[in-house]
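A.B. asks: next one to model:
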Amino acid sequence: MNRRVLILLLLLLPSLPLAPVAALRAEETLGYYRYPAIHGDTVVFAAEGDLWRVGVQGGVASRLTTHPGDESRPAVSPDGKTIAFSARYEGPAEVYTMPLDGGLPVRRTFEGTGTEVVGWTPDGEILYATNHDVTPIGVELARLDPATGKRRLVPLAEASDGSYTPDGKTLFFTRFRFQGSHTKRYQGGKAQSLWRFREGDPEAVPLTADFPGTSKDPMVWNGRVYFLSDRDGSMNLWSMDEDGKDLRQHTAHRGWDAASASLSQGRIVYQLGADLRLFDVAANRDAPLPVRLVSDFDQLRQTWIKRPLDFLTAVELSPDGDRLVLTARGQVFVVPAEVRRGGRIVEVTRRRGVRYREARFLPDGKSVVALSDESGEVELWQLPANGIGKTRSIGFDADRSIHIGRSTHFDLLRSRRIYAAMREWLNTPVAAMGATQSESA
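C.D. replies: Model prediction:
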């Protein structure tokens, strides 16, 4: 009997470490977390285009949605039972709701324009931003009663997000929507600012007019308004009283900007880089929220791109007019300008995890210059046009965005040559071009 037990143990021994190793790998799998929303001890956030749920202590998150359409901007109802969110299930972003514990999403708006869920009112209406009733560059706030479907606009111009006081009579809101530029310390005419609108007031009152930069994402708690601002150079968490006085800074991050803040019962969850953080107002304590995903991560699987030219982002003709340099999916290729005459298809770049863009020929036709993040910064790199030889960095300016302009000799004849060559390549059968293996971004 003892001999049989010993043999059985020897057979099982090699397999014993496998389970802990597999579990460890699952626990250490991180994601890119966006748009967190908090209610009580629950945090809902977006990752992989879906909604997830995790506790305020962190841990392994549970996936709430699986639809191929993108879901974002969740907000939990005051009673903690329902999630309102924006999703692109039928095309444009619309407002949907679903139970916090999971269930079938229900479409709530049919506006046909981009709608973004902002939050909930104290009495249980969904607050969302829309440009349905204004110009495409404008934005208004609307309230929607999910029980009756009744919708009404908040009487404010250019309000993109906001938060009500517990009695529902005062709204602190952000004027202007995000202007599309991620420029640090933006102070242009579309810089977002915070305003207050009280029920019965003839007009709204500005609260951050003293600062020309960005102030956004207002959240009300215990007589103070918490918000995000780049007053110290990076977007951090700040607060002020309800009259815009007694300004206080609560976080001091450098580099990454804090984003998408949400408050519940004195705790604020927000995004920093690819991660989530939790700030406790009473304890004045800021800490990372450790979140792990259990997923098949299908977007990371290697796939075959049958028509690489569908992903073309830049094209340029060589000085002699016999070749084209193409930039597609972050890689650079040199191909013959006339397909019918044959020639080599050169894969100029072969480094995984490096993105190249806006490739152009140098005047000698033997080299290509492109923007690359190989070193960790966006730099100009010189590459051999035949794909053979070393690459080298030729400098960059870290304080400015780099853009490679076209040659001043790009005349009408040259543009016609490129157009004719691209028509040939776009009509070339896939077999003649060869499929390209790629890793999903």
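A.B. asks: please parse this protein into its domains.
C.D. replies: The chain breaks down by automatic domain parsing into domains covering 28-292, 302-439.
A.B. asks: give me whichever of the ones you listed is most buried.
C.D. replies: Among those, ranked by average contacts under mean count of other CB atoms under 10 Å, first place goes to domain 28-292 (a mean of 18). (Glycine included, C-beta is placed from N, CA and C.)
A.B. asks: shouldn't residue 206 be in contact with residue 192?
C.D. replies: No - look at residue 206 against residue 192 with CB atoms under 8 Å: they stay out of range, at 11.8 Å.
A.B. asks: find residues that contact each of these two.
C.D. replies: Both residue 206 and residue 192 are in contact with residue 175, where contact means CB atoms under 8 Å, 6 or more residues apart in numbering.
A.B. asks: lowest mean pLDDT across the domains of the chain, which one is that?
C.D. replies: When the domains of the chain are compared by mean pLDDT, domain 302-439 comes last with a mean of 74.
A.B. asks: which per-residue confidence value corresponds to residue 14?
C.D. replies: Looking at residue 14, the pLDDT reads 41.
A.B. asks: revised request: answer the last question for residue 441.
C.D. replies: Note on residue 441: pLDDT of 38.
A.B. asks: list the contacts for residue 372?
C.D. replies: Residues in contact with residue 372 (CB under 8 Å, 6+ apart) are 354, 355, 356, 357, 378, 379, 380, 381.
A.B. asks: would you say the last one is within a helix?
C.D. replies: If I follow you right, that is residue 381. No - according to DSSP: H, G, I helix; E, B strand; the rest coil, residue 381 belongs to no helix; its state is strand.
A.B. asks: test my guess that it contacts residue 391.
C.D. replies: Yes - with contact taken as CB under 8 Å, residue 381 and residue 391 are classed as touching, separated by 5.6 Å.
A.B. asks: hang on, the earlier thing: quick one: the contacts of residue 372 as CSV, columns for distance to residue 258 too.
C.D. replies: Converted to CSV, those look like this (distance: CB to CB, whole Å):
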residue, distance to residue 258
354, 29
355, 26
356, 31
357, 28
378, 23
379, 28
380, 32
381, 33
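A.B. asks: list just the nearest of the residues you listed to residue 175.
C.D. replies: Checking these against residue 175 by CB to CB gives residue 378 as the nearest, at 32.6 Å.
A.B. asks: and the closest one, its phi and psi?
C.D. replies: Dihedral pair for residue 378: phi -80, psi 120, per degrees, to the nearest 10.
A.B. asks: neighbours around residue 299, how many?
C.D. replies: 12 (other CB atoms under 10 Å).
A.B. asks: could you look up the SS state of it?
C.D. replies: Assigned by three-state DSSP, the conformation of residue 299 is helix.
A.B. asks: next one: residue 51
C.D. replies: Assignment for residue 51 (three-state DSSP): strand.
A.B. asks: I figured residue 111 hits residue 134, correct?
C.D. replies: No - between residue 111 and residue 134 there is no contact under CB under 8 Å: 11.7 Å.
A.B. asks: leaving aside the residues adjacent along the chain, what's closest to residue 219?
C.D. replies: Of all residues not flanking residue 219 in the chain, residue 263 sits nearest, at 3.8 Å (CB to CB, 6 or more residues apart in numbering).
A.B. asks: quickly find the element holding that neighbour.
C.D. replies: strand 258-264 (DSSP states H and E).
A.B. asks: dump that strand to PDB, keeping only the CA atoms.
C.D. replies: The C-alpha trace of strand 258-264 is given here as PDB (Å, rounded to 0.1, in the frame of the first residue of the first chain):
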ATOM      1  CA  ALA A 258      -5.500  62.800 -13.200                       C
ATOM      2  CA  ALA A 259      -8.700  62.100 -15.200                       C
ATOM      3  CA  SER A 260     -12.400  61.000 -14.900                       C
ATOM      4  CA  ALA A 261     -12.900  61.600 -11.100                       C
ATOM      5  CA  SER A 262     -15.900  60.300  -9.300                       C
ATOM      6  CA  LEU A 263     -17.000  60.800  -5.700                       C
ATOM      7  CA  SER A 264     -19.100  58.800  -3.300                       C
END
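A.B. asks: perfect, that will be all.
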